[in-house]
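**Student:** from the sequence below, what's the structure:
(chains A and B)
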Amino acid sequence: MPSETAAGSTTVSKPQRVAFLPRDPTITLLGVLIVVAVIIFSLLTPSRFLSGDTVRAMAFQMPELGILSLAMMVPLMSGGLNLAIIATANLSALVMAGILTHLIQPSSSPLAVTEAILIALLAGMGASLVIGFLTGTIVAFFGVHPILVTLGTMTLVKGISVLTTSGTVIGGFPPAILFLGNGMLFGVPVSVIVFLVCAGIVGVILTHAPFGVSVRLLGSNERATRYSGVPTEWVLVGVYVVSSLLCWVAALLMMARFNSASAGYAESYLLITILAAVLGGVDPFGGFGRVLGLSLSLVLLQVISTGFNLLGFSPYLTAAIWGVTMILAIVIAVVRDRWITQLWPVKTK
Amino acid sequence: MHNFLQAFFRRHDVQIGVIIVIMGILFSALSPGFLTVGNLLDLLESYSVSAIMAAGLLVVLIAGGIDISFAAIAGVTQFLAATILVNVGGNWFTAFAIAGLFGALLGVVNALLIHYLRAISVIVTISTMTFYFSILMFVTQGRSIYNLPDWFTANISFLSIPFPVMVAGIVLLATLLLLSRLTIGRLIYGLGGNPEAAKRMGCNVAALQCFVYGYSGLLGAVAGIVQAHRVEEVVPNALMGRELDVLAAVVLGGASLSGGVGTVSGTILGIVLLAMLQNGLTLIGVSSYSFGLVTGLVILISVSATAYAAKRQRKRSVRHAI
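**Tutor:** This is a model prediction of the structure:
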């Protein structure tokens, strides 16, 4: 018996080590595209694209979109979608901003400032938790399509933000918050570290934690998951709570970078997060996707945007090229699959 | 009789209709200005652009897809037509023809990508929306067109019905005929209800999808022209973000995201519900900042109630079967 399990574990661990290399076609494709893009841009703008300044600028721009994309990725993996991420992040930022600006006067002692920051963080987290729980409950227990529920929560949450602020901007935060957006730690922007930590946690949860495995199962086959004893309703609630919590982290970074909060920040990111996730190999029908793929697609989008920016192109053209990249990635995947089926017709099916 | 009434009130469009009537009574009691011909015409006029777009989206939803790009198509075709009108000149026919052709073409591009790449329609239309809109912003550099010809911006009305309402009426009527009287309408319901069955029946799925997305693009273009006529200018990003509002209205009207379900009458009721809500709230003096909150609540309650009723119905039928 023991020898059998030992043999079993060796046969399992071997392909796993190989799988760590880019055997995943999406990741290979993204890697190649990134290398090609970097080479082209370095040749076109010699000594500027690969300079420290450019790399640092890229590193400061990516984390917000990155964390929001993670917030989109988790529901996508469960076969759903969260259109309310931007609205959630903005409301949570407004709650935190309101508390910070009310509680902190220029004369407050450092202890009072710390206290206020803690209260603000907890309140912002609470706000996003409530939104996530509400969304998840309606999706799970009423059986409404996530697009519809999150369309509703998006409108509702943004409505609350607009109503309470009357469309104004709240700004002026203590340096501790601003450090998240502009600070450096060991030469790496703090926001990048925050993104890496979030990506790591989400990646580990999705691949190793029981909750993450349930999420992926749920995305592949909801009924089979329920019949195998997984409380699918509560897993779905968890999906939207996790997504909203990630929005809270994104809210912190956004506040820190703009030194303000408003009902209407980052709205153009909403659909871009779906593009980033799908480009990174997340299956929009649910069940499949890797955080590594998502991170690579974010790097690719950022390289394209920065490269075209250095070449003096309009940011609008960059967005158009993002759209084309997305379609190209689908085309390449389709062509590759057909090519494989023609070369090895026996292997598939 | 009792059973008949029960079945009648379980219909989605009847429920929405009842809500509209109750809301109408409430608003007219609270504000004397609500139930006047002038206000109702204003209400219809300001929502005619959304209604035209909604008709196109409805057809796509029934066919089992979704289109996010129609507002971007409206923006692109509006700009194209306006540029030609200003620099070359033309009349109503050329305006609609240029915009309509180009809009339908952009819609067909969506359909070809969706069909031949076997990609999910949300993703493809989000990509093309991003693409169309960014190209529009790049070409215009965000500049608006204000010097539209006088005949284009002049108020036109027939029997005191404003031009936008007329166009919306014609479009909705055409969509109704298309869906309920033509073979292609049956095929669209069939494709959305069960794609595999439609394919085996010998329906040309590629052509049908080109038609459906082309129709949505065409109506997007028509909406773009009507909107330019209404506001007397062409602002490149004026219609952005409209896609989700229109989606909300169509879904309120009972169309299902899984395809095969939806009616023109329901869509009209969905638009009227949202329009009345905002108009009524304005008239009774509620700040326009609260629109989002109220609209969001209405969407959430409506979709939850519909889904809950469907769930109970399923349980009941299972119990009957046992």
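**Student:** name the next helix or strand downstream of the lowest-mean-pLDDT helix or strand in chain A, please.
**Tutor:** Across the helices and strands of chain A, mean pLDDT, DSSP states H and E gives its lowest value to helix A:2-20, namely a mean of 42. Past helix A:2-20, heading to the C-terminal end, the next element that is a helix or strand (DSSP states H and E) is helix A:25-44.
**Student:** centre of the chain versus that following helix, how much separation?
**Tutor:** 21 Å (C-alpha atoms, centre = their mean, to the nearest Å).
**Student:** equivalent analysis for stretch A:251-268, please.
**Tutor:** Per C-alpha atoms, centre = their mean, the centroid offset for stretch A:251-268 relative to its chain is 16 Å.
**Student:** any residues touching that stretch, and which ones?
**Tutor:** Residues from elsewhere that reach stretch A:251-268 (C-beta atoms under 8 Å, 6 or more residues apart in numbering or on different chains): A:60, A:63-64, A:67-68, A:86, A:88-94, A:96-97, A:121, A:124, A:128, A:158, A:161-162, A:165, A:167-173, A:177-182, A:191, A:194, B:241. C-beta here means a position set from N, CA and C on the backbone, and glycine is covered the same way.
**Student:** quick one: buried residues of stretch A:136-153?
**Tutor:** For stretch A:136-153, a neighbour-count test (16 or more other C-beta atoms under 10 Å in any protein chain shown) marks A:136-142, A:144-153 as buried.
**Student:** now do the same end-to-end measure for it.
**Tutor:** With C-alpha to C-alpha, to the nearest Å as the measure, stretch A:136-153 spans 11 Å from end to end.
**Student:** now swap in stretch A:279-287 and tell me
**Tutor:** Using C-alpha to C-alpha, the two ends of stretch A:279-287 sit 15 Å apart.
**Student:** which residues touch it?
**Tutor:** By C-beta under 8 Å, 6+ apart, stretch A:279-287 touches A:24, A:26-27, A:30, A:69, A:73, A:76-80, A:216-221, A:274, A:278, A:288-290, A:293-298, A:300-301, A:325-326, A:329, B:120, B:122-123.
**Student:** angle of whichever strand or helix holds A:Ile327 against helix A:25-44?
**Tutor:** Assigned by DSSP H and E, A:Ile327 belongs to helix A:315-343. When axes from the mean of the first three to the mean of the last three C-alpha atoms, to 10 degrees is applied, the directions of helix A:315-343 and helix A:25-44 differ by 130 degrees.
**Student:** how about helix A:315-343 against chain B, any contact?
**Tutor:** Yes - interface with chain B: helix A:315-343 contributes A:316-320, A:322-324, A:326-327, A:330-331, A:334 (C-beta under 8 Å from any C-beta of the partner chain).
**Student:** tell me what that helix is packed against?
**Tutor:** helix A:25-44, helix A:269-279, helix A:291-310, helix B:92-117, helix B:121-140 (3 or more C-beta pairs under 8 Å, 6 or more residues apart in numbering or on different chains; DSSP states H and E).
**Student:** tilt between the shortest one and helix A:315-343?
**Tutor:** It stands for helix A:269-279. Using the same axes, to 10 degrees, helix A:269-279 lies at 20 degrees relative to helix A:315-343.
**Student:** circling back: quick one: buried ones out of the contacts of stretch A:279-287?
**Tutor:** A:24, A:26-27, A:30, A:69, A:73, A:76-80, A:216-220, A:274, A:278, A:288-290, A:293-298, A:300-301, A:325-326, A:329, B:120, B:122-123.
**Student:** so for the helix holding A:Ile327, what gets flagged as buried?
**Tutor:** Buried positions in helix A:315-343, judged by neighbour count with 16+ other C-beta under 10 Å: A:316-327, A:329-330, A:333.
**Student:** cool, stretch A:37-51 as well?
**Tutor:** A:Ala37, A:Val38, A:Phe41, A:Thr45, A:Phe49.
**Student:** show me what contacts the fourth one?
**Tutor:** Taking C-beta under 8 Å, 6+ apart as the contact definition, A:Thr45 lies against A:Gly307, A:Leu310, A:Leu311.
**Student:** how near is A:Arg216 to A:Leu294?
**Tutor:** According to C-beta to C-beta, to the nearest Å, A:Arg216 and A:Leu294 sit 14 Å apart.
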